[in-house]
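Enquirer: prediction below, plus the sequence it came from.
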Amino acid sequence: MASPLLSATVKSARLDIVEGDITGLALDAIVNAANTSLLGGGGVDGAIHRAAGPALLAECRTLNGCKTGQAKITRGYKLPAKHVIHTAGPVWHGGGSGEDDLLASCYRTSLGLAFEHELRSVAFPAISTGVYGFPADRAALIAVKTVVSELKAGTRHVERVVFCCFGKASANHHAEAFAEFKLT
């Protein structure tokens, strides 16, 4: 795995920002920015399905999809991660359709599944910032704020959360969010 570009500690959890491919992370779980069908797609969703192999799609077919803002968990199959937490992020419609709350819910429900399954490490991509058009800077703030809030509340304990950014711009947005929440 790539070295963290930035790290912080919240309660007893370590938060890292890394730039790279989420499919190569050997953690308890990686989060898939899925569509509501959970049957694969483009971007990170397609990359995760390709790397995990056809057994992931077969298991996803049994889950009956996923509502926007919710999450479901599967095995990781051929991925180095033990599990995949699939969350359906919101499509950006200008910010007046509850997109912020739905995006925050993606992070909360994903952490909830990690907690329920006693997973100690989880990596998040920049959910909804690709073809769903969510502004990347706004999404990074929501991601960091939600994860920090859950960790501080003690309701979702994991030992390590990785914000896995596919490019430098995304990593910079997450670093700015760390600074805004005084995590640097």
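Expert: Received, thanks.
Enquirer: bridging residues for the residue nearest the centre of the chain?
Expert: The chain has residue 124 as the residue nearest its centroid, 2.5 Å off, counting by Cα atoms, centre = their mean. Residue 124 has these beta-bridge partners by DSSP bridges: residue 163.
Enquirer: wait, isn't it in contact with residue 160?
Expert: No - with contact defined as Cβ atoms under 8 Å, residue 124 and residue 160 do not form a contacting pair (11.5 Å). Using the backbone N, CA and C atoms, a C-beta is placed for each residue, glycine as well.
Enquirer: who are the packing partners of the helix or strand containing residue 142?
Expert: Element membership for residue 142 (DSSP states H and E) is helix 136-153. In terms of contacts (3 or more Cβ pairs under 8 Å, 6 or more residues apart in numbering; DSSP states H and E), helix 136-153 is packed against strand 6-10, strand 13-19, helix 99-116, strand 160-165, helix 168-180.
Enquirer: 10 Å instead?
Expert: strand 6-10, strand 13-19, helix 99-116, strand 121-124, strand 160-165, helix 168-180 (3 or more Cβ pairs under 10 Å, 6 or more residues apart in numbering; DSSP states H and E).
Enquirer: just want the angle from the fifth one to helix 99-116.
Expert: For strand 160-165 and helix 99-116, the angle between their directions (axes from the mean of the first three to the mean of the last three Cα atoms, to 10 degrees) works out to 140 degrees.
Enquirer: looking at the helices and strands packed on helix 136-153, which is nearest to residue 26?
Expert: Smallest distance to residue 26 across those (Cβ to Cβ): 9.0 Å, for strand 121-124.
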